[in-house]
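# Sequence and predicted structure are below.
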Amino acid sequence: MIRTSGLTKRVSTSEGELTILEDVDLHIENGERVAIVGASGSGKSTLLGLMAGLDTATSGEIWLHGRQLSAMDEEQRALLRAQAVGFVFQTFQLLPSLTALENVMLPIELKGDAGAGAGEKARGLLDRVGLADRWHHYPNQLSGGEQQRVAIARAFATNAPILFADEPTGNLDTATGGKVIDILFELNREFDTTLVLVTHDERLAHQCDRMIKLAAGRIAGEESSVEAVHA
Amino acid sequence: MPEASSLHSLFTVAWRLMWRDWRGGELRLLFFALVLAVTSVTGIALFTDRLERALLLESANMLAADRVLHSPEPPPAEINAEAVRRGFRTASTLSFTSMAFSDTGNMLVAAKAVSDAYPLRGEVITTMEPFTRGAPVGHGPPPGEVWLESRVLPALDLAVGDRVFVGETELTLGAVIIAEPDRGQGGIVDNAGPRLMLHMDDVAATNVIQLGSRVSYRSLFSHDDFDRLDEFEQWVRDRFEGNYYIRDVREESEEVAEALDRAEGYLLLGSLFAVLLAGLAIALGARRYSERHYDYVAILKTLGCTSRRISSIYLLIQLQLAAMAVLLGSGLGYLVHEGILRALRASLQVDLPPPGAQPYLVGAMTAFVCLLAFALPPLLALRETPPLRVLRKDLTQTRFSDRIPYAFGIAGSIFLILWYSQDLVLTSLLVLGVAGTGLLLSLVSLLFLASSGSAGMKAGNAWKLAMTAVRRRRRQNVLQVMVFAVTIMSLLILGLLRTDLIADWQAQLPEDTPNLFMMNVTGAQVQDIEAFFAENEVDANAFYPLVSARVRTVNGADPEPAEEALDGEGGGSLLENNQLEPADTADAAAGSGESADGEGRRVRGRLSRRQVTWSNELPPDNRITLGEWWGDASRPGFVSIDEEYADWLDLEIGDILEFEINQQFVSAEIASFRSVRWDNMQPNFFIIFSPGTIDHLGATFLSTVRLETGQKLLLNDLIRQFPTIVVVEIDALIEQIQTIISQVTSALELIFALVLVAGALVLLACVSASLDERFHENAILRTLGAGRKLILSSLLIEFSFIGAVAGVIATLGAEGGLFYLQEQVFEQEFQLHYWVWLAGPALGTAIIAALGINSTRKVVHTSPLTVLRRVI
Ligand SMILES: Nc1ncnc2c1ncn2[C@@H]1O[C@H](COP(=O)(O)OP(=O)(O)OP(=O)(O)O)[C@@H](O)[C@H]1O
Ligand SMILES: [Mg+2]
């Protein structure tokens, strides 16, 4: 469960204070798939970062996985991330010096579950995203779509109950993006994770249970996807 | 999660990241810098450790022992007994002047009786035929035998096996003596005349030693453990409260002491520079490495890695790296020092004691300190990277990384300097100097770089591109210029210092250094002797009158010598060591005479009699430091004083000194102070009068001459014609000093080479540190249509410009540093090196441009796509 109330983010720039998010209240249930949509610069990534505990709010409250983020320091938030959160980013964010397999194993090892189990699990996941035979390749030997699939495998490696995705298809062509999204949704269903998906792709947003519209840092509206309800 | 498995997994991650970074080449520079630091420190420590021993051993040959005790009467038996108790090897010698008779003639000889164990160090070289090469033997003559120097044989018409009479006893000529290790040592009785060596047991029978005879006892001590020698020295000092001194070669010979001191100073400086340069390379490598790892850390953080664990991971990587660097560096350090020693071994001819563990420890410690000071701060600063960076690339942290690393680096450098030099004063001076220079240099380089913009505008495209780049990267470039400048400066300083030191040593003992001192020459003999040498085509040097004088009063009051200067022990010249030797020997005559003892040591007995002279001309190697030299327009009644002596008595120009000379009192006004070069083996004087002041008080004369080996027989004629003069040969001493100096010289060269490698590494590190950005920028430029040639020439201009600025700054810094080092530490006279003012900037430009172009060639030959595809 994710909940925010009165969430506000301001940054000071050379031209004075800039309000990126203002008074955002939202509620995301366990297992729910929510799309955050809005124009470029509307504050989507900022909101995602705040909810995931990658950044701190100027004011307002955030609850993530039953914990209040504003009461935690960066170290505690990191531990919470290790337990409960997985990420997929627009720019993939794989470690370039590690192979696909090692990238997927990394969060498991960081959690302290090193050993043979980690390798097996990572291989299984790579198999699921269709890269079983590419496990020993480095990121720069993989195409963008393949890199993103590795990133998805990594996001599910620790069975995190919540998955944040920031424009996972933003760097991919439509066809590849579609495939990547299919895999993401498939694994999401399989692991029964909460999914928060930032996108400006309306079609993609409609595949989610719910769509939250951001405009200039405020919630401009919500709609439930009929399509998803019937799925 | 269980702690153990968590640690294990941390280790796995750290190991894997390190291994992969290594493969990618990112860690290699850092690693090599660490290896270099360990290698140079271990190598130099091993080398100095063993070289110091080797040089001491070699120079011990000059004494025929490690330590020597002089005395005019037999030393207390207790000293020898204690030495034996302590496991020392001991021997004794007794020198006296005597006549040797053959059936056909007689000759004044410098007799030396030696015990069985003589010599403890070095070898006596003997032969059966005079004037042949001879072979080394490890002992002196057995009882019943005498050994004679070559030139005695023709003079007395002797051959090996003939009878020789010394005093009341008859001995057999057993061998011809070509060389003895401690020939240059001792007082005038050791050196007045050709050598006659006999066994200690035969001395009594000769009956030449009577009460009041001029004799000189020397007790020789030797031990392989250098610390034990020092302990023994201390024991004698405590036990006899200054009545007896044990001396080592440094106290016996200023030339050797200075060569060793300077060599040690240079080695220290060399290892300091090597480590600091390696430290710089480490810092640059670590910085670059950490810059490349911001993204890693951000990703790791989104994956739930806490800052603590990030620190642990990078700490582990560094420790693994350091462990490997220590292993490899120690090995390489051993090889380096082995190589150096092998090169030297031919001339050393001694088996060196194996090195201890200390040098390895020092090397490992250095790696650790370097890491702590130079590498860890930027790496630990990584932990501050905000995880949000995965969403916004431009986010970095500046809170920690910008200033702390410098503070750490500076603290680390200070610690290293202090640790190596063990000298707080030197350290603080060096630190202040470097800080001042650094500040000045950064200002200068900032100015230079700031002015670059306008200069470039009119020029062509590549020029414009380069200058814009220079300006745009001004901040990094100031850093880069500083690093280049410091590196080139270090190399210039060490290179020039090395050249100057070697030149100085060569000047100290030039080819035509006189090897013969003539003393006790009467005024009437001067012309005849000059005529004698002219006849035989030998260049004689000037004759100095010698009178023994004592300072009675200063401005009518008792002289008050400074306390601390009197602390010196040992003391007196080689000739004055011989306390029975009356005033007719000279400070001057000592050749290495006064110079035989160091600064403080020289002072002892200054208030007692000094050999003084008068002259119209300033002796060579003397320099007036205050007041004026009288020159040809001299008037009687003036005196010129050695500046240290003047300091010691707190004298001023214009003071009136009253001297006692031959029971008469003479006053003179101080006209000038001089600096005197005591190590040049020439006649030197504390006190010089203007002509006419003391001429009437009865003087003997002293002069020096150089006799080539082939002219040595002239000595016999000289002595036959002028039987009253005293002739002292110092060939052996000169030769031994030259040997030591040449060894020290090769040591300097090797250290310099090592520092050169360190410098090269820094330059490389610095160039590659700026590569990443250039890569990206130039890839973009190329996608925008810029040609390779344009980019290459723009890079060439940019690097040349940076190199030139660095070269100018380095030259400035090097001359400043040298001024300080030479005047304060190495006691040399500083002179500007004009050619460096051209060579420095030229060198900077050439090296940096070449290095830069070489490493950035990749920039233009990698396809832009590859560069741009390197996401993250
Ligand atoms: N640290 C910051 N300093 C200044 N401005 C910021 C900062 N972070 C975000 N912004 C600004 O806040 C606004 C929202 O940024 P955000 O990245 O959340 O937008 P977004 O909705 O994700 O846009 P896009 O769809 O283009 O990714 C932008 O105008 C951005 O420039
Ligand atoms: Mg965004």
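Arrived safely. Ligands and ions are numbered 1, 2, ... in the order given.

# distance between the longest helix along chain A and the chain's centre?
Identified as the longest helix of chain A according to DSSP state H is helix A:174-191. How far helix A:174-191 lies from its chain's middle: 13 Å, per Cα atoms, centre = their mean, to the nearest Å.

# And stretch B:618-633, by the same measure?
29 Å.

# Could you check it and say which residues are buried?
B:618-619, B:621-622, B:627, B:629-630 (16 or more other Cβ atoms under 10 Å in any protein chain shown). C-betas here are computed from N, CA, C, even on glycine.

# Which positions in chain A make contact with chain B?
Chain A comes close to chain B at residues A:45, A:48-49, A:52, A:54-55, A:74-75, A:78-83, A:85, A:87, A:89, A:91-98, A:102, A:106-107, A:109-115, A:139-140, A:154, A:158, A:166, as judged by Cβ under 8 Å from any Cβ of the partner chain.

# Residue 46 - how many residues pack around it?
Just going to use chain A. Each residue near residue A:46 was counted by other Cβ atoms under 10 Å in any protein chain shown, and the total is 25.

# look at chain B instead
25.

# That one: helix or strand, and which one exactly?
According to DSSP states H and E, residue B:46 maps onto helix B:28-60.

# Point out the other helices and strands that that helix packs with.
helix B:249-252, helix B:254-292, helix B:307-348, helix B:358-370, helix B:731-769 (3 or more Cβ pairs under 8 Å, 6 or more residues apart in numbering or on different chains; DSSP states H and E).

# one step back: residues in contact with the longest helix of chain A: which ones?
Taking contacts as Cβ atoms under 8 Å, 6 or more residues apart in numbering or on different chains, the residues outside helix A:174-191 that touch it are A:33, A:88, A:128-130, A:143-145, A:148-149, A:152, A:156, A:159, A:163, A:165, A:168-169, A:172, A:195, A:201, A:204, A:207.

# Go through it and flag the buried ones.
A:176-181, A:183-185, A:187-188.

# where do the helices sit along chain A?
A:44-51, A:74-84, A:100-110, A:116-128, A:144-155, A:174-191, A:202-206, A:226-230.

# after the helix or strand harbouring residue B:804 comes which helix or strand?
Per DSSP H and E, residue B:804 falls inside helix B:788-820. Helices and strands here follow DSSP H and E; after helix B:788-820, the next one along the chain is helix B:834-861.

# Now that next one: buried residues?
Applying 16+ other Cβ under 10 Å to helix B:834-861 flags B:836, B:840-841, B:843-845, B:847-849, B:851-853, B:855-856, B:859-860 as buried.

# so where's chain A uncertain?
Residues of chain A meeting the criterion pLDDT under 70: A:113-116, A:225-231.

# Of all residues in it, which one is closest to chain B?
Residue nearest to chain B within chain A (Cβ to the nearest Cβ): residue A:82, separated by 2.4 Å.

# show me the contacts for residue B:125.
So residue B:125 contacts B:134-137, B:177-180 (Cβ under 8 Å, 6+ apart).

# thinking again about what came up before, any idea which of the helices and strands packed on helix B:28-60 gets closest to residue A:59?
Of all those, helix B:307-348 sits nearest to residue A:59, with 24.7 Å by Cβ to Cβ.

# can you give me the offset of that closest one from its chain's centre?
Distance, centroid of helix B:307-348 to centroid of chain: 26 Å (Cα atoms, centre = their mean).

# avg pLDDT for that helix?
The average pLDDT for helix B:307-348 rounds to 81.

# now stretch B:716-730
78.

# first vs last residue of it, how far apart are they?
16 Å (Cα to Cα, to the nearest Å).

# Output the set of residues of chain A in proximity to ligand 1.
A:11, A:13, A:18, A:20, A:38, A:40-46, A:200 (Cβ under 6 Å from any ligand atom).

# Format those residues as JSON lines; extra columns: distance to residue B:119.
Shown next, in JSON lines, are those (distance: Cβ to Cβ, whole Å):
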{"residue": "A:11", "distance to residue B:119": "85"}
{"residue": "A:13", "distance to residue B:119": "85"}
{"residue": "A:18", "distance to residue B:119": "89"}
{"residue": "A:20", "distance to residue B:119": "90"}
{"residue": "A:38", "distance to residue B:119": "97"}
{"residue": "A:40", "distance to residue B:119": "93"}
{"residue": "A:41", "distance to residue B:119": "92"}
{"residue": "A:42", "distance to residue B:119": "96"}
{"residue": "A:43", "distance to residue B:119": "92"}
{"residue": "A:44", "distance to residue B:119": "92"}
{"residue": "A:45", "distance to residue B:119": "87"}
{"residue": "A:46", "distance to residue B:119": "88"}
{"residue": "A:200", "distance to residue B:119": "96"}
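
# shaky segments in the stretch 151-300 of chain B?
B:184-191, B:211-212, B:242, B:249-256.

# so which residue of it comes closest to ligand 1?
residue B:298 (14.3 Å; Cβ to the nearest ligand atom).

# I'd guessed that residue sits against residue B:390; true?
Yes - counting by Cβ atoms under 8 Å, residue B:390 is a contact partner of residue B:298 at 4.9 Å.

# Now do residue B:756 against ligand 1, distance only.
47 Å (Cβ to the nearest ligand atom, to the nearest Å).

# which residue ranges form the helices in the stretch 51-200 of chain B?
B:77-85, B:152-156, B:188-191 (DSSP state H, counting those that start in this stretch).

# which residues touch residue 192?
Went with chain A since none was named. Contacts of residue A:192 by Cβ under 8 Å, 6+ apart are residue A:31.

# To clarify, I was referring to chain B.
B:97, B:108, B:110, B:726-728.

# re earlier: measure how far the helix holding residue B:804 is from the centre of its chain, please.
31 Å.

# and the residue of the stretch 151-300 of chain B closest to ligand 1, helix, strand or coil?
Following DSSP: H, G, I helix; E, B strand; the rest coil, we place residue B:298 in the helix state.

# Read off the pLDDT value for the residue nearest to it when sequence neighbours are not counted.
Of all residues not flanking residue B:298 in the chain, residue B:389 sits nearest, at 3.7 Å (Cβ to Cβ, 6 or more residues apart in numbering or on different chains). Among the per-residue scores, residue B:389 holds a pLDDT of 77.
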